[in-house]
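1. The sequence and its predicted three-dimensional model are supplied below.
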Amino acid sequence: MIAEDRLLRGELNSLWGVTPIVNLRECVAADRALGANAYSLVFTTYHTSSNFDFVLSELQERVIAERGEDLYRFRWLVLIWAIANFDFFHLYNDRGIIEPAGGYGSPRFGIAVREMEIYRQAGKRLYTYAYGADHRTREKNLALGKWNFCTECPEPGVYCVCDDAGGAAMLQVIREYSTAVVAHGLAMRLIPGARNVPYLTVDVNKFSPRRSWSQGDGNLIVGHFPNHGYFKGTKYLEGAIHSLQAEGHAVELLQLSGKPHHEILEAMQKIDVLVDQLISGSFGLTAVEAMASGCPVVCYLHDGVAVADREGCPVIEANPDTIKETLRQLIADRTRLSKLGAAGPDYVRKNYSVEALGRHLADLYGETADLPKPLKATIAERTKSLSS
């Protein structure tokens, strides 16, 4: 097979996609750090970010406009190109290269079965990842405790997989075709058989050191940057801040939603603390970026949630029941904020940096990809430099 021939020559060609997650670039960088010829592929982009290697959104839009009936053929052509050029595929559970997605447990989510069959027949390695809606089922989430995504969902069945039986069937099929199923954080509680890899990856070299915190009586500026406020507990944060303000406390809320990625990063330099979320039970990429920039983070963590180095994690824990008192304490104790903010960059460097993911990918490949010994040795040698 072409895939095995390339691996025997020491070539590792990998493709990441197709969900346009903002840190796909950093995942690709981690793969490249191991010597892989790694690239990202997307068919759509969010207004928050469009920094990917192969962006086929304009071409796809033209196909839809001029020859809509050929959309599926277009996707098949892209798959043929990908099969010819890549041997390791890193895809999120929601969909792959060809359409339609799903149909084996969920009508909207799931990498096409035929695509996964082709990967297997062609000797490709398929790694599947969780990002959120692609694995979140209602009863499993409700069982996590008082606070979770589903207790606050305004329209069950609209945003996520939701159906527990259908979601389980979908994930089971994906697991059968995957070289390995990858998850992190809360997804480890929801996806059976997943390997815990912390892929909320950031390039720590792109984050500037934070300014020092005011130790005086200035307002505590609380940042909150949700895409979907109902899934982040936004109303509870707003209520807590309004209540504290009514009591005369010096606190204000800087809230942004749907803004380009660079604007969110700029806003992190203006706030004293980020409230990431209060109900979901695990932090996301925005929280990691805040910690990398030295900004302290408040969020709700479920008991036993599989974040990296839970004991060493500098996150300030709070939920809707405790957020008001947590903020009250932070208003009075800016020194605590300064210490936790200073701990963030080292925590991210050790656990969520490009180099950290590179080490995890090396372990993942070594344990699951059945690599030729020379290539395995090359990756092991490159991994040493990531640990230095």
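-> Received the coordinates, thanks. What you see is a predicted model; the values in this text were computed from it and never measured.
2. so where's this protein uncertain?
-> Within the chain, the segments meeting pLDDT under 70 span 47-50, 209-217, 388.
3. could you check the distance from Leu15 over to Gly218?
-> Separation of Leu15 from Gly218 (C-beta to C-beta, to the nearest Å) stands at 49 Å. The C-beta positions use only the backbone N, C-alpha and C, and glycine is treated the same way.
4. Looking only at neighbour counts, state which of the two leads.
-> When Leu15 and Gly218 are compared for neighbours, Leu15 comes out ahead with 25 against 12, by other C-beta atoms under 10 Å.
5. what's the nearest residue to that one if we skip its chain neighbours?
-> Nearest residue to Leu15, sequence neighbours excluded (C-beta to C-beta, 6 or more residues apart in numbering): Phe86, at 4.2 Å.
6. That neighbour: how many residues sit nearby?
-> Phe86 is flanked by 23 other residues according to other C-beta under 10 Å.
7. who are the neighbours in contact with it?
-> 13-15, 39, 124 (C-beta atoms under 8 Å, 6 or more residues apart in numbering).
8. and of those, the nearest to Val307?
-> Ranked by distance to Val307 (C-beta to C-beta), the contacts of Phe86 are led by Ser14 at 25.5 Å.
9. hey, what's the nearest residue to the closest one once chain neighbours are set aside bridged with?
-> With C-beta to C-beta, 6+ apart as the criterion, Ser14 has its nearest non-adjacent residue at 3.7 Å, and that residue is Phe88. As for beta bridges, Phe88 partners with Ser14, Arg125 under DSSP bridges.
10. what's the spacing between Phe88 and His261?
-> Going from Phe88 to His261 by C-beta to C-beta gives 26 Å.
11. Tell me which of the two has more neighbours.
-> Higher neighbour count among Phe88 and His261: Phe88, with 24 against 18, using other C-beta under 10 Å.
12. Find the residue at the geometric middle of this protein.
-> By C-alpha atoms, centre = their mean, the chain has its centre lying nearest to Leu200, at 4.7 Å.
13. Who are the contact partners of that one?
-> By C-beta under 8 Å, 6+ apart, the residues touching Leu200 are 23, 184-185, 283-285, 288, 352.
14. same check, this time on Asp87
-> By C-beta under 8 Å, 6+ apart, Asp87 lies in contact with 2-3, 6-7, 12-14, 123-125.
15. which one among these gets closest to Gly223?
-> Nearest to Gly223 among those is Ser14, at 34.9 Å by C-beta to C-beta.
16. Make sure that closest one is actually in contact with Arg32.
-> No. Ser14 is beyond contact range of Arg32, at 9.0 Å (criterion: C-beta atoms under 8 Å).
17. joint contacts of these two?
-> Listed as contacting both Ser14 and Arg32 by C-beta under 8 Å, 6+ apart are Ala38.
18. Between the two, point out the one with more neighbours.
-> The neighbour count for Ser14 versus Arg32, taken as other C-beta under 10 Å, is higher for Ser14 (24 against 17).
19. and that one, what is it in contact with?
-> Residues counted as contacts of Ser14 (C-beta under 8 Å, 6+ apart) are 31, 36-39, 86-90.
20. now Gln245
-> If a contact means C-beta under 8 Å, 6+ apart, then Gln245 has 251-252 as its contacts.
21. so which helix or strand takes in it?
-> For Gln245, the element it lies in under DSSP states H and E is helix 234-246.
22. for this structure, what's the longest strand?
-> The longest strand of the chain (DSSP state E) is strand 273-281.
23. next SSE after that strand?
-> Counting by DSSP H and E, the next helix or strand C-terminal to strand 273-281 is helix 285-292.
24. Any buried residues in that next one, and which?
-> By neighbour count with 16 or more other C-beta atoms under 10 Å, helix 285-292 contains the buried residues 285-292.
25. now stretch 241-249
-> Of the residues in stretch 241-249, 241, 244, 249 count as buried by neighbour count, 16+ other C-beta under 10 Å.
26. Tell me if I'm right that the residue nearest to Ser14 and Lys124 touch.
-> Yes. Counting by C-beta under 8 Å, Lys124 is a contact partner of Phe88 at 7.1 Å.
27. thinking again about what came up before, ok, so of the buried residues of stretch 241-249, who is nearest Ala82?
-> The closest of those to Ala82 turns out to be Ile241 (C-beta to C-beta; 47.8 Å).
28. Who are the contact partners of the closest one?
-> For Ile241, the contacting residues are 222, 251-253, 327, by C-beta under 8 Å, 6+ apart.
29. swap the cut-off to 6 Å and go again
-> Listed by C-beta atoms under 6 Å, 6 or more residues apart in numbering, the contact set of Ile241 reads 251, 253.
30. That one and Ile221, how far apart?
-> Using C-beta to C-beta, Ile241 is found at 11 Å from Ile221.
31. With Arg336 instead?
-> Separation of Arg336 from Ile221 (C-beta to C-beta): 16 Å.
32. How about Ala240?
-> Ala240 is 15 Å from Ile221, by C-beta to C-beta.
33. how about the helices in the stretch 251-388 of the chain?
-> Shown for the stretch 251-388 of the chain, the helices assigned by DSSP state H, counting those that start in this stretch span residues 261-268, 285-292, 323-332, 334-351, 354-368, 373-386.
34. what helices or strands is the fourth one leaning on?
-> Just to be clear, that refers to helix 334-351. With contacts taken as 3 or more C-beta pairs under 6 Å, 6 or more residues apart in numbering; DSSP states H and E, helix 334-351 sits against helix 285-292.
35. Tell me which residues are up against the helix it packs on.
-> Residues from elsewhere that reach helix 285-292 (C-beta under 6 Å, 6+ apart): 23, 200, 202, 204, 207, 225, 268, 274, 276, 297, 299, 344-345, 347-348, 352.
36. Make sure Ala82 is indeed in a strand.
-> No. According to DSSP: H, G, I helix; E, B strand; the rest coil, the state of Ala82 is helix, so it is not within a strand.
37. what residues are up against it?
-> Ala82 neighbours (C-beta under 6 Å, 6+ apart): Leu15.
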